[in-house]
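**Q** this is a predicted model, with the sequence first.
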Amino acid sequence: MKNSLLSVGVVALESYQTRNFVAAVLMGLMTGCTTLNPVRSFEQQMMFHPRGVDAVPESKAGMESIRIQVTDNEQIHALYFDHPDPRAVVIYCHGNAGNIVDRIPRLSRMRDTYQIAILGFDYRGYGASDGVPSESNMYQDARAARNWLAERRHFNPNEVVVMGRSLGGAVAVELAVNGGAAGLILESTFTRMEDVGGHHFPWLPVSLMVSQEFDSISRIGRFSGPLLQTHGTRDKVVPFELGNRLFEAAKHADKAFVTTSGGHNDLPGRSWELQLDDFFSRSHSEGQAKMSEAVQDEFDCLSQTGSLRGVLSDDRTAGDGTNRRMAASKNR
């Protein structure tokens, strides 16, 4: 009976890592293991599949290889794909496997296709980053990466567009909710980890086994910006229904969901690319409007204090060109 149960459980699963996890759990149950510590260990192995790098990529034209401080003793590795006049500035939170070097082709293509600046980073324990991965560490890593990006682009962290895929979608939701974002983009992500585990193992007490919650559904309703989300109906890793439930929990009126027929690791396709292009265009337009308002507000403030008196009479006094731009804006 026990061997039969183990066989049925293993055959029903979709991934090698998941099979290892459930086999270990079942073996523990069958041998009378009463502690959950081994389960916690296998939970860690199931969730996180980092891969190291043989060598850290060197910076080159169009790509900057950087290290970002996250604690006194730990740094994470990131790759920044710059653009001289981006339609949006994006931080990308990847999924639970591999490393950011694996994503170089996609990030480079996104920069060129959508005319954006984009930063991809490795969580602790991934690639060339220090430390070990955990839910809390991932959230801290994402905040540090966003702060670096905001400083690099000289604007507020909440002006960054946050994008996440799969497990990275949960990191992206937390980041957008806590600190704000110009927009949130989610690919093939889920409501919370317990729901994913419950889908794959309905016969196990998953709620007692999952210590790392990644509870996006309780957070996303607090995000006050535009949302763009996609999910494939043939996703065997993260069921389509979980992505759809997460989308429905979002409260902001400006949201769109793109349904595809692909699986978890399939690229969403042309319809998704068109939606992304439109999303970044709107981000650019809104960003330009905010910039114009900021320039006008600064001009009005300086005008009231008389600080522009010399500028309007002779623009040679504005050495860096900033006041000349404001004066020209006012004259228009």
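**A** Yes, it's here.
**Q** give me the helices and strands touching the helix or strand containing Leu242, please.
**A** In this structure, Leu242 sits in helix 240-249 according to DSSP states H and E. Helix 240-249 is packed against helix 193-200, strand 227-232, strand 255-260, with contacts defined by 3 or more Cβ pairs under 8 Å, 6 or more residues apart in numbering; DSSP states H and E. To be clear about C-beta, it is placed using only N, CA and C from the backbone, and glycine gets the same treatment.
**Q** parallel or antiparallel, list what pairs with the last one.
**A** Looking at strand 255-260 with DSSP bridges, its paired strands and their directions are strand 227-232 (parallel).
**Q** what's next to the partner strand, contact-wise?
**A** Strand 227-232 has contacts (Cβ atoms under 8 Å, 6 or more residues apart in numbering) with 183-189, 220, 238, 240, 243-244, 246-247, 250, 252, 254-264, 266, 268, 272, 275-276, 279.
**Q** mind running it again at 7 Å?
**A** 184-188, 240, 243-244, 247, 250, 252, 255-264, 266, 268, 272, 275, 279 (Cβ atoms under 7 Å, 6 or more residues apart in numbering).
**Q** and what of stretch 187-196?
**A** Around stretch 187-196, the neighbours that count as contacts under Cβ under 7 Å, 6+ apart are 164-166, 169-170, 206-207, 210, 212-217, 230-232, 235, 238, 242-243, 245-246, 264, 268.
**Q** and that stretch, how far apart are its ends?
**A** Across stretch 187-196, the terminal residues are separated by 15 Å (Cα to Cα, to the nearest Å).
**Q** and the helices in the stretch 1-150 of the chain?
**A** Ranges of helices within the stretch 1-150 of the chain are 2-11, 16-30, 37-47, 104-114, 135-153, based on DSSP state H, counting those that start in this stretch.
**Q** check the offset of the longest one from the chain's centre.
**A** Taking Cα atoms, centre = their mean, to the nearest Å, the mean C-alpha location of helix 135-153 is offset from the chain mean by 10 Å.
**Q** give the contact list for the residue nearest to Leu276 when sequence neighbours are not counted.
**A** Using Cβ to Cβ, 6 or more residues apart in numbering and skipping residues adjacent in sequence, the residue nearest Leu276 is Tyr114, 6.3 Å away. Tyr114 sits next to 87, 276-277, 280 when contact means Cβ under 7 Å, 6+ apart.
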